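**Student:** Model the following, please.
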Amino acid sequence: MAVIAAVSVVATAAGCSNDVSVTYSENIPGEVLRVRVGGEGYRDVLDYVSKAKLTGDVRLELVDASADANDHVADGRADLAFYQTQPAFLGEQETNGHGTLSIVSKVDVAPYALYSSRWKDLEPTDDWVNSNLVSDKITGQSLPHGAEVAVPQTKAGFARSLYLLQTAGLVKLDRPFGGLTVADLSVSDANVVESQRHLAIRGIDFAEYAEDIYHNYDAVVLDPTTATSIGLIPAKDALAIEPGPGNPYARVLVAPSRLAGDPRVSALAHALESKEVAHYLAITYHGKFISAQVPFGP
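**Tutor:** Predicted coordinates:
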């Protein structure tokens, strides 16, 4: 059975009252926004927005999203969908042609991050490892030149890893981070124009041996689910982490054209992009999910 959470709040002209109670009730036609919602990080943030009264008197009915959730929004069985990344939605649009659907909010990101069991930071260094030209020379704790970096071998994972390394100042690509074309989302070794740290980048399948790979390479790039599964905390352990603002892999709220200008949708979109949600994500997930609008950090 789908879980239905409808939050009723009363807002004064000056703001929301502190003593407003949260209630749960059945759908009231014309008042409730019916949202097809994904799992961890998707449902949680909508629950928070409602319970924190960030949407005024907007009430939400949350139903687990199926693979055809956008069809439900397009044909009126639901009002909104929040279960996909931006590239996934745009790719589906090209395939299914839901021309009446559009992104109304870029909410959060499940960021890739760089980790190392051997090195402590990415500060500039003259140290070298794994070189046949000079002897290994280690004088500090920073990721050295010649380091071997394991990254996901999937096309999207490899591309995101290269952009992350570029953001960290370790490589330079022939394009900036943030593009949404097929070429942008599938960059490879061929797009590397400079490797400032002379890295050896290895595409690897992390499916079963992520922890062994983490301990046997100079550094690894991991998605947050894999990282947390081996005990890493992105906010604490990452040497570098993908940015939220401008990230093409933002997870998005989708609405139909029939709700264009609907104040309920505007209120929800505004709440999802707020500093309050950014703070909630930071203290709840510690870097596993971060705001797509507010820079992540201390």
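**Student:** longest strand in this protein, by residue count?
**Tutor:** Longest strand in the chain by number of residues, with DSSP state E as the criterion: strand 101-109.
**Student:** where's the nearest residue to Tyr280 once chain neighbours are set aside, which helix or strand?
**Tutor:** Spatially, and ignoring its direct neighbours in sequence, Tyr280 is nearest to Tyr48 (5.1 Å; Cβ to Cβ, 6 or more residues apart in numbering). Backbone N, C-alpha and C define where each C-beta goes, glycine included. Under the criterion of DSSP states H and E, Tyr48 resides in helix 44-51.
**Student:** Which residues does the spatially most central residue of the chain form beta bridges with?
**Tutor:** Centrality entry for the chain: nearest residue to the mean C-alpha point is Val109, 1.4 Å, by Cα atoms, centre = their mean. Counting by DSSP bridges, Val109 is bridged to Ile290.
**Student:** returning to that earlier point: was I right about the residue nearest to Tyr280 contacting Val277?
**Tutor:** Yes. Between Tyr48 and Val277 there is a contact at 7.1 Å, judged by Cβ atoms under 8 Å.
**Student:** The two - which one has more neighbours?
**Tutor:** Comparing Tyr48 with Val277 by other Cβ atoms under 10 Å, the one with more neighbours is Val277, at 23 against 17.
**Student:** For the helix or strand where that one lies, output the C-alpha coordinates as PDB.
**Tutor:** For Val277, the element it lies in under DSSP H and E is helix 275-285. In PDB, the C-alpha atoms belonging to helix 275-285 read as follows (Å, rounded to 0.1, in the frame of the first residue of the first chain):
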ATOM      1  CA  LYS A 275      18.600  26.900   2.800                       C
ATOM      2  CA  GLU A 276      16.500  25.000   5.300                       C
ATOM      3  CA  VAL A 277      16.400  21.900   3.100                       C
ATOM      4  CA  ALA A 278      20.200  22.300   2.400                       C
ATOM      5  CA  HIS A 279      20.700  22.200   6.100                       C
ATOM      6  CA  TYR A 280      18.400  19.300   6.600                       C
ATOM      7  CA  LEU A 281      20.300  17.300   4.000                       C
ATOM      8  CA  ALA A 282      23.700  18.200   5.500                       C
ATOM      9  CA  ILE A 283      22.900  17.200   9.100                       C
ATOM     10  CA  THR A 284      20.800  14.100   8.100                       C
ATOM     11  CA  TYR A 285      23.000  12.600   5.300                       C
END
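**Student:** Do a quick rundown of the strands in the stretch 51-200 of the chain.
**Tutor:** Taking DSSP state E, counting those that start in this stretch as the criterion, the stretch 51-200 of the chain contains strands spanning 59-64, 80-85, 101-109, 113-115, 148-152, 172-173, 192-194, 200-204.
**Student:** Contacts for the last one next, please.
**Tutor:** Yep, that's strand 200-204 we're talking about. The contact list for strand 200-204 (Cβ atoms under 8 Å, 6 or more residues apart in numbering) reads 130, 146-153, 158, 161-162, 165, 189, 213, 217.
**Student:** at 7 Å instead, please
**Tutor:** Residues from elsewhere that reach strand 200-204 (Cβ atoms under 7 Å, 6 or more residues apart in numbering): Asn130, Gly146, Glu148, Val149, Ala150, Val151, Gln153, Phe158, Ile213.
**Student:** cool, the third one as well?
**Tutor:** For strand 101-109, contacts defined as Cβ under 7 Å, 6+ apart pick out 41, 45, 70, 73-74, 86, 89, 93, 242, 244, 247, 249-256, 265, 269, 272-273, 281, 289-292.
**Student:** The shortest one now?
**Tutor:** Counting by Cβ under 7 Å, 6+ apart, strand 172-173 makes contact with Leu162, Gln166, Val187, Asn191, Val192, Val193, Glu194, Gln196, all of which sit outside it.
**Student:** Could I get the average pLDDT for that strand?
**Tutor:** Averaging pLDDT along strand 172-173 gives 98.
**Student:** Compute the distance from the centre of that strand to the centre of its chain.
**Tutor:** 22 Å (Cα atoms, centre = their mean, to the nearest Å).
**Student:** can you check the third one too?
**Tutor:** Between the mean C-alpha point of strand 101-109 and the mean C-alpha point of its chain there is a distance of 11 Å (Cα atoms, centre = their mean).
**Student:** Done for today, thanks.
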